[in-house]
Each structure stands twice: as structure tokens, then as C-alpha cells.
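Asks: Okay, here's the prediction I keep looking at, along with the sequence it came from:
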Amino acid sequence: MEKVLIYQIFTRLYGNRNTTRMANGSLADNGCGKMADFTPEVLKDIAGMGITHVWYTGIIRHATQTDYSGYGIPRQHPAVVKGKAGSPYAIADYYDVDPDLAVNVPLRMQEFEELVERTHKAGLKVIIDFVPNHVARQYKSVCKPKKVKDLGETDDTMLGFNPQNNFYYCPGQRFTPYFDLYAGEIDPYLEEPAKATGNDHFDNAPGKNDWYETVKLNYGVDYYAGGVGYFDPMPDTWTKMTDILLFWAKKGVDGFRCDMAEMVPAEFWAYATQTVKKKYKQIVFIGEVYNPSEYRHYLASGFDWLYDKVGMYDTMRAVICHHALTSAITNAWQSTDDIRDHMLYFLENHDEQRIASDFFATDGQKGVPAMIASVLMQQNPFMLYAGEEYGERGMDRKGFSGNDGRTTIFDYWSVDTLCRATQKKLTSEEQALFDIHQKTMLLARQEKAVAEGVFFDLMYVNGHLQRQYAFLRYVKGELLLVVVNFEDRDVVSEVNIPAHSFDYLEIKEKKVIATDLLTKEKLAMSLRKDGSVRMEIAARSGRVWKVKI
């Protein structure tokens, strides 16, 4: 059994060392990272952080304003593309690779296959996005297998809903959103009949805050009639989308991060995950599901891990910003305790604001105690977003995405800290932040108490710890006492150890010398039932005391 640590990489940005960073800049202006940037040396460094899985975000070809028509790739109208680079969640061809990522565009699929091979040789597993709920408005596959019919190719566009259609329609109505359909072009974007928009907007006029660049896929649910499902006979979209999963699984992909999974019926997932796993047993499915009442439903449908966003992420964010006490962390894990091994913890991803941004905590160091706790408290996976380990701020004025504390997914750009890290120009604070992330993740991989051990929350006997969080991990004679400090100052904490923990973990009272696995400091402890351990903890940091029992 191993601790799963996922490194999310926005592939287009990661290897780009061009620092022009012109707002709304083109590919020629700002450059773009390539799959080839992930050399064996780069992948070795990633594995050296303790990472087990790399999520290459934005691999499948999506709508872009860059013209690749010279390569036989259909040009997209800029009116229905967000940003110069386009959103990786507006898929334009499920069977193709984003040409921006290729050194040699005609060989882009071969370059992806080589990336998978290099990643595996580095001892890492590969995760890519599967975007099942919506596609780009001008979706057209030019790379699909010959016998495959394209999405919408056989649709009856005179019907708003048909279980065998791939899209939803507004018969007799032209697409007339509340924004300019020319976007600098001579001819406007034309769509008639209009298709329903990806964020369940079922008329012909989405607003600028809608997912207007996408169209909703039809899995046999009649939203015009209140969400009635028609799943027998099997909807055509089910087989088409399952075949796409099988196509990428055959390429050697080890897992799929499934975008907005809860907007697709669980009945489809039960069919698709079972079909794929029957042939590729190692495949994992990660679901972006935000409704806690649906967690168990989607796990029962074949998902291995689900985003723990509205529970643990929201809680950790509140604690980091001192908007909640650390006792809230206990409440967060207890709400999913029966499915704890299936919850994916994270503190950043492409949708969320950077910890160091002005919109979150202003300083990446403030996230360290939350990171230590999130990585070490359970056996479930943890995800790190590239740049988080350096305190990337995401405060650039990039273009379409604006200055919102996020790293852009719409623009051609480069990430400041990732650029400086390769040039060995990090500040001492950034280097220290990287070091604590690496140490924590490596010990999570190395310590059996983390990957396999029992978890025991100590907060119920430590009500005085309002800015600290404490817990035990135990396996076969090895005990970890983890205490993190969210306070902006150094503290001396007295951590109570209840008698029940000795009975529950089946450990005996004794005097020991503990070693802090993060600093190698030693501390004499007297482990007694209902006793306490006194320790110093630096501001925005933590202690991971290891004891041989």
C-alpha cells in the first residue's frame, strides 16, 4: 500500500520559460510549454518530491484562437473561444492532442505516447482530463477512428431532446448570446438551431458568465421535462464516450480526472467505469463532485477518488485565514469518515485561488500547516498544484482571466516561480517552502504509519488548541504525533494524550526519545494515559514526532 500524491501540471504553462507575459498575448508573443519539456531529468525531479501520479492538465485538443488550419485542424471562431489559448475544458476533438503542446504538430500523438513512456520510466503514473459534460461549440473530430460517427453527426436537430441525440437543441432558434458574435472577424459565429450550453443553460441566449463556449452533451436525461432519464435502450452518447475512454486507456494512461462528473448521470459512470476497468484494471477515476449528498452515489458508480472541496478544502481555507478554529478540521473529516480513503485532499488546483494570492492568504507559508495535516492525517490521496510548492501568487494581469489570484487556464503565459526554480533564482523563503513540501511528501511515502497506519484525532481533549491541530498515526510499533500551528507566531503547546488513545491503538505507557522527522530535533517524552506533551512549534509550521513503541 502506498500514499498517493498527485502533482497537477497545467501542461501548456509548466515548461514555458518565455517571460514576455504580454496581456492577451498570442502564442508567438508569450510562447507555450511542450510535452517535450518533460525530459527524464525533469520527471526524475518530480518523482524526487515524493509524487506518485502526474495529472497532465489540458492534453486533449480544445478550442483555441491559434490557427492550425494548415495542419488540417479546423479553425475556431474567436467569438466562442475564451482567451487566446482557449479553455482546456472546451474540447474540440476527443481523439486528438493539443497542437500547442507539440514540437512537431503532425506528430503530436506520437509525442504524447512518448511522454507517457517517459513518465512511466520515471516511476510515475499518468492522469489526464476526461471532459464528459460538454464540448466546444465547434466540436469536430478529424482524428477519430474511421468507423466512428462524430458527436452530433446523426442527431435529429428538429427535436430539443431525443435520448439518442448527442446534444440538446433549441429548434428553430439561432444562437444569440449577450455578447459580440463577430469578435473582430468579418463573419459572425453562426449556430442554428442553437445548442444548449454546457452549464445546463437550455435556451439559445447564454450570458457572458455562462460556459457559452461549450455545448451540453446528452446522456439520455430530458432536462426539458424536469430531468427524466431514458437509459434503455442505451443512449448513443454512452457508447461514444466510453469508447473515448478506452482509446486513451490503450495509450497507457493510468487514470482520468473527470471534469464536472456530477453533471453526468451516475448510471453512465457505472457503465463506463465497469467497461474500462474490465479491460484496464489499473485505471483510476477521479471525480469532480461538489455535492456531498452525491458522494456515495458516485463512488458506487465506480469512482476511486472524489474532490473533497466543500468539506476539507473549504475548511482548511477558513482555518488558514483564521476564519475558523482548528476544531473545524475534525468536523470536516468526520463528515466523510465512512468513505475517507476515497476523498482527494488539496489546497490548490486550476479552479481555485493560489494560497499566496491577495484573494486568499497573501503568503504561501500560511498554507504549510494545512499542507502537513492534509498530507499526513489519513491514508487518502493528496494533490499538489504545480507552483504551490514555491508559493506562486497568481497575481498577474494575464488577459482573459484577469487578475483573480488564479493561474490562467485561458491565456498563453508562463509561471514566474516555475521559471525561476529552473534558473535557481528562488528567494530563500520560496526555497524553504519547497523544502517543507518535499520533506512532508517524502515522509508520507516513507513512513508506514502514514500510508497504512491508524489515525487518531486528539482535538476532543485539546479544546485549548484553537490555532493548532493535533493527531496520532500508528502502525506496528511506530507512532507519529503530528501537531501543526496555524498561528502567525511561534507557540509553546501542551498536547494532551487521552487514555483512550492508548487502548485504541494498543500501545503502552513509556518514556521515549522522539525525533521530529521535519527538523531531526529530539524531544524526551513521557507517554502517559491522560498525560501531555509540551513542545515548541514555529509559526505557520508543524511537528512530526516519531516514536518507537
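Replies: On my side now, so go ahead.
Asks: neighbours of residue 124, just the number please.
Replies: If you count neighbours by other C-beta atoms under 10 Å, residue 124 ends up with 20. All C-beta atoms are positioned from the backbone trio N, CA, C, and that covers glycine.
Asks: Next up, the contacts around it.
Replies: Residues counted as contacts of residue 124 (C-beta atoms under 8 Å, 6 or more residues apart in numbering) are 43, 46-47, 51-54.
Asks: Let's check: the centremost residue of this protein is which one?
Replies: Geometric centre of the chain, nearest residue: residue 349, 5.1 Å, by C-alpha atoms, centre = their mean.
Asks: Now do the helices in the stretch 51-200 of the chain.
Replies: 108-121 (DSSP state H, counting those that start in this stretch).
Asks: Show me the strands in it, by range?
Replies: If DSSP state E, counting those that start in this stretch is used as the criterion, the strands of the stretch 51-200 of the chain fall at 53-57, 60-62, 91-97, 125-130, 134-136, 169-170, 194-195.
Asks: where exactly do the helices run in this structure?
Replies: Taking DSSP state H to define them, one finds helices in the chain at 11-14, 27-30, 40-47, 108-121, 236-250, 266-279, 295-300, 314-320, 327-334, 368-376, 416-422, 428-446, 448-451, 499-505.
Asks: so how far is the fifth one from its chain's centroid?
Replies: This means helix 236-250. Mean-position distance between helix 236-250 and its chain equals 22 Å (C-alpha atoms, centre = their mean, to the nearest Å).
Asks: Does anything pack onto that helix? Which helices or strands?
Replies: With contacts taken as 3 or more C-beta pairs under 8 Å, 6 or more residues apart in numbering; DSSP states H and E, helix 236-250 sits against strand 91-97, strand 125-130, helix 266-279.
Asks: can you list contacts of it?
Replies: The list of residues contacting helix 236-250 from outside it, by C-beta under 8 Å, 6+ apart, reads 94-95, 128, 130, 132, 145, 148-149, 151, 154, 164-166, 217-220, 256, 268, 271-272, 275-276, 279-280, 283.
Asks: you'd agree residue 544 is up against residue 443?
Replies: Yes. In this structure, residue 544 is within contact of residue 443 by C-beta atoms under 8 Å, at 6.7 Å.
Asks: joint contacts of the two?
Replies: Residues touching both residue 544 and residue 443 (C-beta under 8 Å, 6+ apart) are 376, 517-518.
Asks: Highest neighbour count among those?
Replies: When neighbours are counted by other C-beta under 10 Å, residue 376 leads the shared contacts of residue 544 and residue 443 with 26 neighbours.
Asks: quick one, what contacts that residue?
Replies: With C-beta under 8 Å, 6+ apart, residue 376 has these contacts: 440, 443-444, 450, 473, 480, 482, 544.
Asks: related to what we said a few turns ago, what would the helices and strands packed on helix 236-250 look like in a markdown table with mean neighbour count, mean pLDDT and distance to residue 211?
Replies: Shown next, in a markdown table, are those (neighbours: other C-beta atoms under 10 Å; pLDDT from 0 to 100; distance: least, C-beta to C-beta, whole Å):
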| stretch | mean neighbour count | mean pLDDT | distance to residue 211 |
| --- | --- | --- | --- |
| strand 91-97 | 23 | 98 | 12 |
| strand 125-130 | 22 | 98 | 15 |
| helix 266-279 | 18 | 98 | 20 |
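Asks: So for residue 213, which of those sits nearest?
Replies: Closest to residue 213 of the helices and strands packed on helix 236-250, according to C-beta to C-beta: strand 91-97, at 10.4 Å.
Asks: relative orientation of the closest one and helix 108-121 in degrees?
Replies: Calculated by axes from the mean of the first three to the mean of the last three C-alpha atoms, to 10 degrees, strand 91-97 forms an angle of 70 degrees with helix 108-121.
Asks: pLDDT at residue 397, what is it?
Replies: On pLDDT, residue 397 comes in at 86.
Asks: wait, which of the strands of the stretch 51-200 of the chain is closest to residue 364?
Replies: Using C-beta to C-beta, the strands of the stretch 51-200 of the chain put strand 53-57 closest to residue 364, at 20.4 Å.
Asks: Check the average confidence over the closest one, would you?
Replies: The average pLDDT within strand 53-57 is 98.
Asks: gap between the two ends of stretch 30-50?
Replies: Start-to-end span of stretch 30-50 (C-alpha to C-alpha, to the nearest Å) is 31 Å.
Asks: and what of stretch 130-138?
Replies: From its first residue to its last, stretch 130-138 covers 18 Å (C-alpha to C-alpha).
Asks: Would you indicate which residues of that stretch are buried?
Replies: Using 16 or more other C-beta atoms under 10 Å as the burial criterion, the residues of stretch 130-138 that qualify are 130-138.
Asks: Using CSV, lay out these together with distance to residue 416.
Replies: Shown next, in CSV, are those (distance: C-beta to C-beta, whole Å):
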residue, distance to residue 416
130, 30
131, 28
132, 33
133, 32
134, 31
135, 32
136, 30
137, 33
138, 33
